[in-house]
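I would like the atomic coordinates for the input below:
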Amino acid sequence: MSQFVIAIDQGTTSTRAIVFDHAGSVVSVGQLEHRQLLPKPGWVEHDPMEIWRNTREVIGQALARADITRHDIVAVGITNQRETTVVWDRLTGRPVYNAIVWQDTRTQPLIDELARDSGTDRFKDAVGLPLATYFSGTKIRWILDNVEGARQRADAGELLFGTTDTWLLWNLTGGAHGGVHATDVTNASRTLFMDVETLEWRDDILEAFGVPRSMLPEIRSSSEVYGIAESNSLLREVPIAGILGDQQAATFGQAAFDDGESKSTYGTGNFLIFNTGERIVRSGHGLLTTVGYKLGDAAPHYALEGSIAVTGSLVQWLRDNLGIIGSASEIEQLAASVDDNGGAYFVPAFSGLFAPYWRSDARGAVVGLTRFVTKAHLARAALEATAFQTREVLDAVCADAGAELSELKVDGGMTANELLMQFQADILGVPVVRPVVAETTALGAAYAAGLAVGFWSGLDELRANWQEGRRWEPHLDEASREALLRQWKKAVTRTFDWVE
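As a prediction, this is how the structure comes out:
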């Protein structure tokens, strides 16, 4: 009898396959990093074929480490870096260009063109998003405009588009030999092309972008059987039955299913999602309106999202570009060797500023430097930047939703950093809570897949799986908290108008 669900977590820096049991516990993990391709300033790319090769390998790793086979797997779930864009030939399965990553800013001139008459909110009422380089739409257009022959091939119906969930689903189910070309509502809601009310592609917006509808995948729910793994796969005959964009998957894995529940994921970037239930809430404070999940034929659940571009990737930058630390795990000890940031504030606007500012003209800055500041102070300032940005997003959520936060559920790799989590509680003034199972992104995809095939009976059973693992209580007094926030906001303003 099948007794496990496997989730494929295709992230910005790596691809993982994680096997979960019925209690939602991790049984085994396979993981491989992929290259970060940086051909020009502001350009970030991945090799889709490398991601596909890694996906097959990590599936094998996870099965072997659990000492199980496909016969023990009831369903496959997929979660993914959301806006990263792949365009490929439907007949050969070969990408026409590298995947353009969500962090990439090369399409700013197109954003300026589209926003010239009506501003960056031109399509926001329909799609819930401002015009920004972050989303998939302009990345597709860039490929069509800049890859030789791509426009003609797209117009002829030869090319397909997908975010990485679609790319993996298509390949897992047969690729050029009958692969399923589909995505779920959460990923579709990040393209700039899906109407958040009808959950359908908007032809008028596609026309404005110059993207043929024939390229786009079918929009499906987050929990249903999309297709069966092909015959030459290690998972052959196993249904692929759940898809959720990574941040929505983490929310689902945190069992934040209902109106008013929220979570914040600390990864390459930080992403806070606040569930608004079946209500579509339009943000007046720089947040995104997005689809939270849709289970089969049930009504969709919506969310407000605060997206922060650079958090964990700032630690990588300190390691790889400056050599301040030798490994990401070293930053906590280095930062803890000083009592505070020494007056230094680090605003990591490497790709501009996302929520709540949406300033594409901003660039990174370190301010408040004196000769007193050491690399330890910079390490601490880098960690504090994550907490400050999260506080600003939460302030926006509370303003939009008309609610006060009582505690913040957190997940993701950076939550292992005790210093950061304590400072996060201090700067929020509310407790920060981490679950026992920190792999909530993959768990959410597993839950969606398991629900679709009856492995779990419903949301109540999933709620019962959630357990608190660690709690940080705030210790900072209000006056000190406000003083730090004033300095942070002052530092943020120094990054504006850098790009002319």
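
mind listing the strands for the stretch 301-450 of the chain?
The residue ranges that make up the strands of the stretch 301-450 of the chain, judged by DSSP state E, counting those that start in this stretch, are 301-308, 345-347, 365-367, 408-411, 432-435.

Can you list the neighbours in contact with the fourth one?
So the one you mean is strand 408-411. Contacts of strand 408-411 from elsewhere in the structure, counted by Cβ atoms under 8 Å, 6 or more residues apart in numbering, are 250, 253-254, 256, 262-266, 394, 421, 424, 428, 430-435, 438-441. The way it works is simple: take the backbone N, C-alpha and C, and place the C-beta from them, glycine included.

How about stretch 135-148?
83-85, 87, 96-97, 100, 104, 106-107, 110-111, 114, 129, 131, 150-151, 154, 161, 163, 190-193, 205, 209-211, 215.

before we move on, back to that, out of the strands of the stretch 301-450 of the chain, which is the most enclosed?
Each of those was given a mean neighbour count from mean count of other Cβ atoms under 10 Å, and the largest, a mean of 26, is that of strand 301-308.

CA-only coordinates of it in CSV, if you can.
Only the C-alpha atoms of strand 301-308 are listed here, as CSV (Å, rounded to 0.1, in the frame of the first residue of the first chain):
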residue,chain,number,x,y,z
HIS,A,301,-8.8,31.6,-1.5
TYR,A,302,-7.0,34.9,-1.9
ALA,A,303,-4.2,36.6,-0.1
LEU,A,304,-2.2,39.8,0.3
GLU,A,305,1.5,39.4,-0.3
GLY,A,306,4.5,41.4,0.6
SER,A,307,7.5,40.4,-1.5
ILE,A,308,11.0,41.3,-0.5
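
Please name every helix or strand in contact with it.
Strand 301-308 makes packing contacts with helix 246-253, strand 270-277, strand 288-293, helix 375-401 when contacts are defined by 3 or more Cβ pairs under 8 Å, 6 or more residues apart in numbering; DSSP states H and E.

What's the mean pLDDT across the third one?
What it means is strand 288-293. For strand 288-293, the per-residue pLDDT values average out at 93.

returning to that earlier point: among the contacts of stretch 135-148, which lie within helices?
Among the contacts of stretch 135-148, the ones falling in helices (DSSP state H) are 110-111, 114, 150-151, 154, 205, 209.

out of the helices and strands packed on strand 301-308, deepest packed?
That would be helix 246-253, which, of these, has the most neighbours on average (mean count of other Cβ under 10 Å), namely a mean of 32.

Name the next helix or strand downstream of it, please.
Moving toward the C-terminus from helix 246-253, the next helix or strand (DSSP states H and E) is strand 262-266.

Return the list of strands paired to that next one, each annotated with direction.
Strand 262-266 has the following sheet partners, assigned by DSSP bridges: strand 270-277 (antiparallel), strand 408-411 (parallel).

Give me the contacts around that strand.
The set of residues that contact strand 262-266 without belonging to it, under Cβ under 8 Å, 6+ apart, is 246-247, 250-251, 254, 256, 270-275, 311-312, 386, 390, 394, 397, 405, 408-415, 420, 440-441.

Can you show me the CA trace of it as PDB?
Output for strand 262-266, consisting of C-alpha atoms alone and laid out as PDB, is shown next (Å, rounded to 0.1, in the frame of the first residue of the first chain):
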ATOM      1  CA  SER A 262      -0.400  34.500   7.800                       C
ATOM      2  CA  LYS A 263       3.200  33.300   7.500                       C
ATOM      3  CA  SER A 264       6.600  34.700   6.400                       C
ATOM      4  CA  THR A 265       9.100  32.600   4.500                       C
ATOM      5  CA  TYR A 266      12.800  33.500   4.900                       C
END
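
coming back round to it: list only buried entries from the contacts of stretch 135-148.
Among these, those classed as buried by 16 or more other Cβ atoms under 10 Å are 83-85, 87, 96-97, 100, 104, 106-107, 110-111, 114, 129, 131, 150-151, 154, 161, 163, 190-193, 205, 209, 211, 215.

circling back to that earlier point, out of the ones in helices among the contacts of stretch 135-148, who's nearest Gly30?
The nearest member of the ones in helices among the contacts of stretch 135-148 to Gly30, counting by Cβ to Cβ, is Ala150 at 33.8 Å.

okay if I get the helices and strands packed on strand 301-308 as JSON lines plus distance to Val366?
Compiled in JSON lines, the helices and strands packed on strand 301-308 are given as follows (distance: least, Cβ to Cβ, whole Å):
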{"stretch": "helix 246-253", "distance to Val366": "28"}
{"stretch": "strand 270-277", "distance to Val366": "19"}
{"stretch": "strand 288-293", "distance to Val366": "28"}
{"stretch": "helix 375-401", "distance to Val366": "7"}
